[in-house]
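Trainee: The sequence and its predicted three-dimensional model are supplied below.
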Amino acid sequence: MTLTATHLLALTPPILVCATAILVMLAIAWRRHHTGIAIVSVVGLNLALLSLIGVSWMAPLAAPMLAVDGLAIFAAALIMVAALACATLAHAYLAHYTGPREEFYLLLLCATAGGMVLAASTHLATLFLGLELLSIPLYGMLAYVYGERRSLEAGVKYLVLSAAATAFLLFGMALLYAETGRLDIAGLAARLGGDIGAWGLAGAALMLMGLCFKLSVVPFHMWTPDVYEGGPAPAATFLAAASKVAVFVVLLRLMTAAPAFQNSDLHDVLAALAVLSMLVGNLLALTQSNLKRLLGYSSIAHFGYLLTALVISDGLSIEAAGVYLVSYLLATLGAFGVVTLISSPHASSPYVAGAHGGTDAAGLHHYRGLFWRRPYLTAVLTISLLSMAGIPFTAGFIGKFYIIALGVEAERWWLVGAVIVGSAIGLFYYLRVMVTLFLTEAGMQRRDAPENWAIQAGGVVVLGAAALIVALGIYPVPIIEWTQSVRVLTGG
Amino acid sequence: MTLLWLILIPFIGGLLCWQADRFGDLLPRWIALATMLVELAITLGVWFHGDYHLGNAGMAGEALRWSMEWRAAWIPRFGIDVHLALDGLSLVLIALTGLLGVLAVLCSWHEIMRRVGFFHLNLLWILGGVVGVFLAIDLFLFFFFWEMMLVPMYFLIALWGHSGSEGRTRIRAATKFFIYTQASGLLMLVAILGLVFAHHAHSGEYTFAYADLMQTPLSESTAMWLMLGFFVAFAVKLPVVPLHGWLPDAHAQAPTAGSVDLAGILLKTAAYGMLRFALPLFPEASQAFAPVAMTLGLIGIFYGALLACGQQDIKRLIAYTSIAHMGFVLIGIYAGTQLALQGVVLMMVAHAFSASGLFILSGQLYERLGTRDMRQMGGLWGRLGSLPGFSLCFVAASLGMPGTANFLGEFLILFGSFPVAPWVVVVASIGLVLAAIYSLLLMQRVHFGPAQGEGRFADLDTREYVMMLSLLGLVLLFGLYPQPLLDTTGAAMSEVQRLFGAASLSTTLLTGTP
């Protein structure tokens, strides 16, 4: 297939993001200006987001090695929204950082482009390319505050473990290639047919393992809490939100397209992983006293719930996964956004990230009685946590409703039971954090968001996330209609 | 639209209270009081203008009749509507909610001194959620409100509660309450979804509407499982004995207003759920389950009564008596005769009055004595003005003295259940003796016996006097002349009885025993 103008037009959003990245790189070489670079990145991302609307008229369209279909557009929108939020939060976070600040946006833009390619890939080569383009900038972002030991540790830990997972993924691809001689997903699907043989199964399983590592599904979850805790808050936000969404979407595409992944043994293994993730993630979160670690464990549990949608890959599953991803993304942005704002060092504070050895304000004691100092910021965090716990009036409830509906319709009672038990355990630690926010205690004002946080861009982002969570929780029709219309293009 | 406003008013009032906090402590209290008075006034207005009489019960075969109804599409993907409807049963319970809401605001007037605005936000949102539960007849909407009202209740207990002795902290109690109810609620969600998908498989369309789901044909075992899903959720909230663990802690640690809401209204949502959903949706399964449910009710009566006798904390004692009273309610619901069901409604109302009266009194005691431990009380008669007198009246109501509404409720339940389950009634009647024992024990240990000190405590002020007098008046009014109440709920109850009774008829036909 040759590349035509139509294809190029359909690929405008990733091209725009890449162009912004190059522009940012050149601008940094020319002159360092933190706010200017941030504005250029945000404008570029917004343009790409706008062009996505135009592209959605042309979908579905199969470009070489990439599919511009409903799923890709959906994922691209989520990834770019997350990237926008991260860029805005990073601006507040890095404002008083003494080291180089501008490269963060460069890394962020590269990772965003990678995520978009990954989510649209219909060929194992683009899949690999996208995944690496997503991961490699993330190493840099996680270790960005390299003067801080924990940040460096997080970056290196993610690098080493991620490289190991990539090796598994590549080996799996090689096995599939040896079995079929094809690398495009449609070709794989055609060659493998019904019976996939031992090597095909091994290949599929290894690929699954590599991708599950990125999703931090139990038992590949060991890195998650440390990396979440150590990485700077905006980088952790991007990892938790955009990176996981992109990887999940590509897994969804693989599961729906290739019969190699529809093997019933593989589904049973996935179901077991889902149950394990829900239980282990929630149980380990119980004893955490660091909010970022806690959110790390809770994201393990959330991907356990999401795997349900992969195990039951029938009519409702893409819709359920879509709705759940949206609710997860918003809640994650809200919660991490608040952590970022609280941790954002401001001029009057003696705590400045980086060289001075300040870590993020993630210990639960920092948040004690936050409500009585910052009521709206606390409301945002409370709403995000309630959404993660799946309480009515939040988008998380609609997500959980979908997951349970999926399980009930397919009569997978074990999964439904695990979702219920997991949610009950999950409530315990979400409630613990929430009540901490409202407790009063004298002399606990060590960390605080700047006075004028609400009128700054970062404040607008978290308030917007909270407003969307509530709005979609009360009137979820727009999101349901959107995800319902998502179609997956399998050819390519 | 009136129905929608009934739900919205408390929510809006709550937000106003929160924002009014910056203008001082008094404004939120008055806003909250005004909100609940408006709510009560609207409900009473609806009551006087509507017609809730039995009508032609012979024509009961047709579709459900609501006296008011309001619906709007919400999530068309699954056929979910915002569908509100009112009949006699929901009307009575909403009026009760309004009244107890007013009392809850009044009784926290001096008790809650910190973060007044946020307190009333939570209080009013609980009440709004409860009204939503009583009005929703779309199962999704019902579940929505059912879960939603837990969050403000959690905050109410966790932030304004009393830390109890022996490591029983208020946060622990609140968390226990939340997890119990939320986890059982998810079971109900699974059951609701199971029912919806069963309906979908049968008719090819998704709907959460009550009237449609009632027509779903279900196999016997499916119906049983789905019914159990509903039953567990309601049983936790009622509470039924093996699932009652949260109740004593939540009550003991909650502020007075929280206890009033819990005992007065939240427990009633469970009984309402059984009457509105569990029985009509699964009449055959409920009929088959009735012996088990009645046995659980019996266990509750004795367990609650016996444990009440051994409590030192006055609020824990009252909490255990609630378990015993709800045992009667459970027996009445699953007996399913018209008389027993009417007794259940009367019992719910009466228990709401007597239990909240006792909780408010123990709150007033706490304000004066600074303790709820009965070992440190005794001999208070004559040292507290008219408080002991009121205590005696409400204790008498609680033990079911003739002349009070509680007596009529228990009497109707036992009388109505006798034809269905004579032995259950015989055993339950013994529970009445235990009720007398724990009630008098409460009176004896708090107000009589050797005095612990000499000085007099403050008498009831006007606010407290009015609260107690109006509650007492209502207890006596419905105890002496319950007919208006019974007329209002008659039609709704005969509908439940018709569905449940028809199932009983078919099962007896099937098994061939008379």
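Mentor: Noted; the coordinates are in hand. Numbering: from 1, shown residues only, chains lettered A, B, ... in the order given.

Trainee: got the residues of chain B near chain A?
Mentor: By the rule CB under 8 Å from any CB of the partner chain, the part of chain B lying against chain A is B:74-77, B:114-115, B:143-145, B:147-148, B:150-151, B:154-155, B:158-159, B:171, B:174-175, B:178-179, B:182-183, B:186-187, B:189-190, B:193-194, B:197. Just so you know, the C-beta spots here come from the backbone N, C-alpha and C atoms, and that holds for glycine as well.

Trainee: What about those residues, which are in helices?
Mentor: B:143-145, B:147-148, B:150-151, B:154-155, B:158-159, B:171, B:174-175, B:178-179, B:182-183, B:186-187, B:189-190, B:193-194, B:197 (DSSP state H).

Trainee: Of the residues of chain B next to chain A, grab the buried ones for ChimeraX.
Mentor: Per 16 or more other CB atoms under 10 Å in any protein chain shown, the buried members of those correspond to this ChimeraX selection:
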select /B:74,75,115,143,144,145,147,148,150,151,154,155,158,159,171,174,175,178,179,182,183,186,187,189,190,193,194,197
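
Trainee: And the residue of chain B closest to chain A?
Mentor: As assessed by CB to the nearest CB, chain A sits closest to residue B:183 within chain B, at 3.8 Å.

Trainee: With the flanking residues excluded, which residue is spatially nearest to that residue?
Mentor: Nearest residue to residue B:183 in three dimensions, chain neighbours excluded: residue A:424, at 3.8 Å (CB to CB, 6 or more residues apart in numbering or on different chains).

Trainee: what's the next secondary structure element after the helix or strand containing residue A:15?
Mentor: In this assignment (DSSP states H and E), residue A:15 forms part of helix A:12-30. Using DSSP H and E, the next helix or strand after helix A:12-30 towards the C-terminus is helix A:34-58.

Trainee: now that next one, how far from the chain's geometric center?
Mentor: Computed by CA atoms, centre = their mean, to the nearest Å, the chain-centroid distance of helix A:34-58 equals 19 Å.

Trainee: Next SSE downstream of it?
Mentor: On the C-terminal side of helix A:34-58, the nearest following helix or strand under DSSP H and E is strand A:61-63.

Trainee: ok, back up a step: what packs against the helix holding residue A:15?
Mentor: helix A:34-58, helix A:70-94, helix A:103-120 (3 or more CB pairs under 8 Å, 6 or more residues apart in numbering or on different chains; DSSP states H and E).

Trainee: Redo those helices as a markdown table? Include mean pLDDT, mean neighbour count and distance to residue A:272.
Mentor: Converted to a markdown table, the helices and strands packed on helix A:12-30 look like this (pLDDT from 0 to 100; neighbours: other CB atoms under 10 Å in any protein chain shown; distance: least, CB to CB, whole Å):
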| stretch | mean pLDDT | mean neighbour count | distance to residue A:272 |
| --- | --- | --- | --- |
| helix A:34-58 | 91 | 18 | 37 |
| helix A:70-94 | 92 | 26 | 26 |
| helix A:103-120 | 94 | 28 | 26 |
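
Trainee: so which of those helices gets nearest residue B:285?
Mentor: helix A:70-94 (41.8 Å; CB to CB).

Trainee: where do the strands sit along chain B?
Mentor: Listed in chain order, the strands of chain B (DSSP state E) span B:68-75, B:80-86.

Trainee: winner for burial among the ones you listed?
Mentor: Per-stretch averages of neighbours, counted by mean count of other CB atoms under 10 Å in any protein chain shown, single out strand B:80-86 among the strands of chain B, with a mean of 22.

Trainee: picking up where we left off before, okay, the strands of chain B in CSV with mean pLDDT next?
Mentor: Output for the strands of chain B, formatted as CSV (pLDDT from 0 to 100):
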stretch, mean pLDDT
strand B:68-75, 88
strand B:80-86, 90
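
Trainee: quick one: which of those is nearest residue A:120?
Mentor: With CB to CB as the criterion, residue A:120 lies closest to strand B:68-75 of the strands of chain B, at 29.6 Å.

Trainee: Packing partners of that closest one?
Mentor: Strand B:68-75 packs on helix A:477-484, helix B:2-20, strand B:80-86, helix B:139-148, going by 3+ CB pairs under 8 Å, 6+ apart.

Trainee: If you compare the directions of it and helix B:2-20, what angle comes out?
Mentor: Angle, strand B:68-75 to helix B:2-20, by axes from the mean of the first three to the mean of the last three CA atoms, to 10 degrees: 70 degrees.

Trainee: Does the residue of chain B closest to chain A touch residue A:422 like I think?
Mentor: No: with contact defined as CB atoms under 8 Å, residue B:183 and residue A:422 do not form a contacting pair (10.3 Å).

Trainee: Around chain B, which positions in chain A sit nearby?
Mentor: Within chain A, the positions near chain B by CB under 8 Å from any CB are A:372, A:386, A:391-393, A:397, A:401, A:404-405, A:408-409, A:416, A:419-421, A:423-424, A:427-428, A:431-432, A:435, A:438-440, A:475-477, A:480-481, A:484.

Trainee: which of these count as buried?
Mentor: Using 16+ other CB under 10 Å as the burial test, the residues of chain A next to chain B include A:372, A:386, A:391-393, A:397, A:401, A:404-405, A:408-409, A:416, A:419-421, A:423-424, A:427-428, A:431-432, A:435, A:438-439, A:476, A:480 as buried.

Trainee: Could you list which of these belong to helices?
Mentor: Per DSSP H, those map to helices at A:386, A:397, A:401, A:404-405, A:408-409, A:416, A:419-421, A:423-424, A:427-428, A:431-432, A:435, A:438, A:480.

Trainee: Longest helix of chain A, counting residues only.
Mentor: helix A:149-180.

Trainee: Export the next helix or strand after that helix to CSV, keeping only CA atoms.
Mentor: Heading C-terminal from helix A:149-180, the first helix or strand you meet, by DSSP H and E, is helix A:185-192. C-alpha atoms of helix A:185-192 as CSV (Å, rounded to 0.1, in the frame of the first residue of the first chain):
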residue,chain,number,x,y,z
ILE,A,185,-2.0,-8.1,12.7
ALA,A,186,-4.4,-8.9,9.9
GLY,A,187,-1.9,-11.2,8.3
LEU,A,188,-1.2,-12.9,11.6
ALA,A,189,-4.9,-13.3,12.1
ALA,A,190,-5.3,-14.9,8.6
ARG,A,191,-2.4,-17.2,8.9
LEU,A,192,-3.0,-18.5,12.4
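
Trainee: Quick one: list the elements packing against helix A:185-192.
Mentor: With contacts taken as 3+ CB pairs under 8 Å, 6+ apart, helix A:185-192 sits against helix A:149-180, helix A:244-257.

Trainee: list the helices and strands the longest one packs on?
Mentor: Read it as helix A:149-180. Looks like helix A:149-180 contacts helix A:124-142, helix A:185-192, helix A:197-214, helix A:223-230 (3+ CB pairs under 8 Å, 6+ apart).

Trainee: Phi, psi for residue A:97 please.
Mentor: Per-residue torsions, residue A:97: phi -70, psi 140 (degrees, to the nearest 10).

Trainee: so it touches residue A:148, yeah?
Mentor: No: if you go by CB under 8 Å, residue A:97 and residue A:148 don't touch, sitting 10.5 Å apart.

Trainee: any chance you could map the helices in the stretch 251-400 of chain B?
Mentor: B:256-261, B:267-273, B:279-281, B:283-309, B:314-335, B:338-369, B:387-398 (DSSP state H, counting those that start in this stretch).
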